[in-house]
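Participant: Build me a model from this:
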Amino acid sequence: LLGHEQSSLAMAQRCSGVSGSTPLFSTLLNYRHSAAVNPNPESSGSEIQVLAGQERTNYPITVSVDDLGEGFALTAQTDRRIDPQRITGYL
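Facilitator: Residues are numbered from 1 along each chain as shown. Sure thing, here's the model as predicted:
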């Protein structure tokens, strides 16, 4: 499978046999190795200041698991029409 891990979504859709109007994926699970957030960014020694940040997704459900080394952080981005209790049940 490693030989195909960088294949385009268009190629995956062509090979899937799923009709063009049907979404190939409806959910994304993203596992990330992340560093813990520095609570005092001014002391980081960097001249770059983050003003704001926001992640976006095109999937109805996206769940990201951040492995912080000593714990995990879960982030879910969902379509507002999906009941939050359902999302919690899925997790």
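Participant: contacting residues around residue 9?
Facilitator: Neighbouring residues of residue 9 by Cβ atoms under 8 Å, 6 or more residues apart in numbering: residue 24. Bear in mind the C-beta positions are built from the backbone N, C-alpha and C, glycine included.
Participant: hmm, try it at 6 Å
Facilitator: Listed by Cβ atoms under 6 Å, 6 or more residues apart in numbering, residue 9 has no contact partners.
Participant: Residue 15 versus that one, what's the distance?
Facilitator: Noted for residue 9: a distance of 11 Å to residue 15, by Cβ to Cβ, to the nearest Å.
Participant: List phi and psi for residue 14.
Facilitator: Dihedral pair for residue 14: phi -60, psi -40, per degrees, to the nearest 10.
Participant: Would you mind measuring from it to residue 74?
Facilitator: Residue 14 sits 33 Å away from residue 74, going by Cβ to Cβ.
Participant: start to end distance for stretch 58-74?
Facilitator: End-to-end distance of stretch 58-74: 18 Å, with Cα to Cα, to the nearest Å as the criterion.
Participant: contact partners of that stretch?
Facilitator: Applying Cβ under 6 Å, 6+ apart, the contact partners of stretch 58-74 are 26-34, 36, 75-79.
Participant: so which of those residues comes closest to residue 54?
Facilitator: Taking Cβ to Cβ as the measure, residue 54 lies nearest residue 77 of the contacts of stretch 58-74, at 10.0 Å.
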